[in-house]
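Trainee: got a predicted structure here, sequence first:
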Amino acid sequence: MFNILKRKKSAENDAEPQKTIDKPGLFSRLKAGLSKTRATFSNGIANLILGKKTLDREVLELIETQLLTADVGMDATEQLVGDLTHKLARNELNDTDTALKSLQNNMKAILHPVECALEIDNDKKPFIILVVGINGSGKTTTIGKLAKHFQAAGQKVMLAAGDTFRAAAIEQLQIWGERNQIPVIAQQPGADTAAVIFDAMESAKARNIDILLADTAGRLHTQTHLMDELKKVKRVLLKLDPTAPHETLLILDASIGQNALNQAKQFNEAMGVTGLVLTKLDGTAKGGIIFAIAKQLNIPIRFIGVGEGIDDLRPFDADEFVEALFDKDIQ
């Protein structure tokens, strides 16, 4: 099983036996999860340049189109194509293989600054992770998967069912809790979200909980009154702990492409997002949005979701991500 956090202290008390998966196996799952993006993105680029002895400006324009089609975004695309154009002018691209390798290296360079694991500060108990995002982004499911992984790493976890506007969200978290012996603090549907999370925080302190994962109601980034409610939650947390929340984690559905970037901008302005999770990368050809987000926002990407299984929520690794976008025969 992969390691999803940097720990300041080691822990070996797994909640239940975990299946060990080797790195090649994990990489294969990542590659499979990115197959739709690869089909329109890297495969398309490879078809443009493989078999050619040299590149020309016409091919570079076609590469630019492929990058934009995959939702890489204008800023990142201009950087990637600009570098290739510069090297072409200086006769530094001896062949298409060199050009492809150069492109991959530049893609990794865009993502490296946002490759940052979520570090749990064991001196802050409970370490509060406030989870935000719109409905349908995979927020509640992601919370359950994170809870399971933190628990398997030896951490005592509690869940706060702060999405009180959707009864199914409360029930979903309670099912996760019962299945994995994780306590869940919940109230009736329609209850005040801030009050639920406040109660959960007090309970977590009393029980010596390591990590409190707090769900919130899904909302559109354009719904100002609901965004104000999130700000209220943050103010309430500050009353109990002036450093809380210790992580504000935004869950983004990668399949919505550029809309995910707009959401990230709005949530960041309202809440000061400290980490991102990109979900549903396995179901979209728009996985290139990760480059646009990295280029424009520079917010740490903590995890990516490339499938339904619990092991398909994985820490973000820039090099592996880019390598998984390209078939073995063109690396």
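Mentor: Now that the structure is in, tell me what you want to look at.

Trainee: from here on, just use CA atoms for contacts and neighbour counts.
Mentor: Fine.

Trainee: what distance do you get for the residue nearest to N135 when sequence neighbours are not counted to L67?
Mentor: Spatial nearest neighbour of N135, chain neighbours left out: G218 (4.4 Å); criterion: CA to CA, 6 or more residues apart in numbering. In this view, G218 and L67 are 31 Å apart by CA to CA, to the nearest Å.

Trainee: returning to what we had before: residues in contact with the residue nearest to N135?
Mentor: V132, G133, I134, N135, G136, D163 (CA atoms under 8 Å, 6 or more residues apart in numbering).

Trainee: report the two of these separated the most.
Mentor: Farthest pair in the contacts of G218 (CA to CA) is G136 and D163. Separation: 12.8 Å.

Trainee: tell me the domain ranges of this structure?
Mentor: Using automatic domain parsing, the domain ranges for the chain come out as 33-114, 127-318.

Trainee: mean pLDDT lowest for which of those?
Mentor: For these, the bottom mean pLDDT is recorded on domain 33-114, which sits at a mean of 87.

Trainee: would you say I299 is within a helix?
Mentor: No. Assessed by DSSP: H, G, I helix; E, B strand; the rest coil, I299 does not belong to a helix; its assignment is coil.

Trainee: got phi/psi on it?
Mentor: Main-chain dihedrals, I299, degrees, to the nearest 10: phi -90, psi 130.

Trainee: ok, now the one 4 residues further on?
Mentor: Torsion angles at F303 (phi, psi; degrees, to the nearest 10) stand at phi -140, psi 160.

Trainee: find the nearest non-adjacent residue to it, please.
Mentor: P315 (4.3 Å).

Trainee: gap between Q151 and I182?
Mentor: Taking CA to CA, one finds Q151 at 8 Å from I182.

Trainee: between these two, tell me which one has more neighbours.
Mentor: Higher neighbour count among Q151 and I182: Q151, with 22 against 19, using other CA atoms under 10 Å.

Trainee: so that one sits against V157, correct?
Mentor: Yes. Counting by CA atoms under 8 Å, V157 is a contact partner of Q151 at 6.2 Å.

Trainee: neighbours of E58, just the number please.
Mentor: 9.

Trainee: still on that earlier bit, please tabulate the domains of the chain in CSV and include distance to F27 as additional columns.
Mentor: Listed next are these as CSV, based on distance: least, CA to CA, whole Å:
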stretch, distance to F27
domain 33-114, 10
domain 127-318, 11
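
Trainee: let me know which of those is tucked in deepest.
Mentor: Using mean count of other CA atoms under 10 Å, the stretch among these with the largest mean neighbour count is domain 127-318, at a mean of 20.

Trainee: and it, how far from the chain's centre?
Mentor: 11 Å (CA atoms, centre = their mean, to the nearest Å).

Trainee: now do it: distance from first to last residue.
Mentor: By CA to CA, one end of domain 127-318 lies 26 Å from the other end.

Trainee: what about T54, which SS state?
Mentor: Applying three-state DSSP: T54 is coil.

Trainee: hang on, isn't it packed against D95?
Mentor: Yes. Between T54 and D95 there is a contact at 5.2 Å, judged by CA under 8 Å.

Trainee: which ones are touching I49?
Mentor: Neighbour list for I49: L55, V59, T96 [criterion: CA under 8 Å, 6+ apart].

Trainee: same thing with A161?
Mentor: For A161, counting by CA under 8 Å, 6+ apart, the contacting residues are A169, I170, L173, V184, I185, A186, Q187, V196, I197, A214, D215, T216.

Trainee: likewise for L281?
Mentor: Residues in contact with L281 (CA under 8 Å, 6+ apart) are G33, L34, D253, A254, S255, G287, I304, G305, V306, G307.

Trainee: looking at the residues you listed, which are in strands?
Mentor: Among the contacts of L281, the ones falling in strands (DSSP state E) are D253, I304, G305.

Trainee: mind checking the SS state of I209?
Mentor: Look at I209: counting by three-state DSSP, its state is coil.

Trainee: so it makes contact with Q151?
Mentor: No. Using CA under 8 Å, I209 makes no contact with Q151, being 11.0 Å away.
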